[in-house]
Every structure is written in structure tokens, then in C-alpha cells.
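# What shape does this take:
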Amino acid sequence: MVPDDFIQLLRTQPFVPFVVFMNDGSMLPVNHPDQAMVSGEMLYVAHDNRGVRCSIMNVTRVETSDITPPKDPTEI
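Numbering: from 1, shown residues only. Reported below is the predicted structural model:
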């Protein structure tokens, strides 16, 4: 991922919560766009009443919860 990927996630309207997975196995949930920010190659996340600063190059993946269920159960 690159910084612009995170900026796009944070600016999505309506906002969709996501989880950032780091290469050390830690997970950083972002439930609100004000909970994270990007500066250069760094991602800052407010998590568990503390600020976490991490290098974007250490992010292994990001998962969102923007799954839209089918309107008709027979469409599955």
C-alpha cells in the first residue's frame, strides 16, 4: 500500500471502518476517519487510548467491512 491508499480510505463517503494488519501481527482498527492520519510514509492511528505511529511499508493488508448482502436471499 501507498499513502494515497490510506488517504482514500479515510476520505470515503460514507466512511467504511477498516482494520490495518501489520507485519508484526498487530491489528489496528480504524472505526472513524478522525482516528487515523497519514503524514509522508507514516500512518498514525489512535488505538487503545494511545497513539500508534507505524511505517506504511510495514502494513501487510487492510480489511474493510463494506460487504453488501444480497437483496434477495435466493441470489446467494
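# How much space separates the residue most central in space within the chain from Leu43?
Centroid check for the chain by Cα atoms, centre = their mean gives Phe18 as the closest residue, at 3.8 Å. Distance of Phe18 to Leu43, given as Cβ to Cβ, to the nearest Å: 12 Å. C-beta: built from backbone N, CA, C; applies to glycine.
# Spit out the residues that contact the two alike.
Between them, Phe18 and Leu43 share no contacting residue under Cβ atoms under 8 Å, 6 or more residues apart in numbering.
# one step back: distance of the residue nearest to the centre of the chain from Arg50?
Distance from Phe18 to Arg50, by Cβ to Cβ: 19 Å.
# Pull the contacting residues for the residue nearest to the centre of the chain.
Applying Cβ under 8 Å, 6+ apart, the residues near Phe18 are Leu9, Pro29, Val30, Val62, Glu63, Thr64, Ser65.
# ok, now with 7 Å
Residues near Phe18 by Cβ atoms under 7 Å, 6 or more residues apart in numbering: Leu9, Val30, Val62, Glu63, Thr64.
# how many other residues sit next to the first one?
Applying other Cβ atoms under 10 Å, we find 20 other residues in the vicinity of Leu9.
# and if you look at Val38?
Val38 has 17 neighbours, counted by other Cβ under 10 Å.
# so it sits right up against Phe6, yeah?
Yes. Between Val38 and Phe6 there is a contact under Cβ atoms under 7 Å: 4.9 Å.
# burial count for the spatially closest residue to the residue nearest to the centre of the chain that is not a sequence neighbour?
In space, and not counting its chain neighbours, Phe18 is closest to Thr64: 4.5 Å by Cβ to Cβ, 6 or more residues apart in numbering. Neighbour count of Thr64, defined by other Cβ under 10 Å: 12.
# Hmm, Thr64 is touching Thr12, no?
No. Applying Cβ under 7 Å, one finds Thr64 not in contact with Thr12, separated by 8.8 Å.
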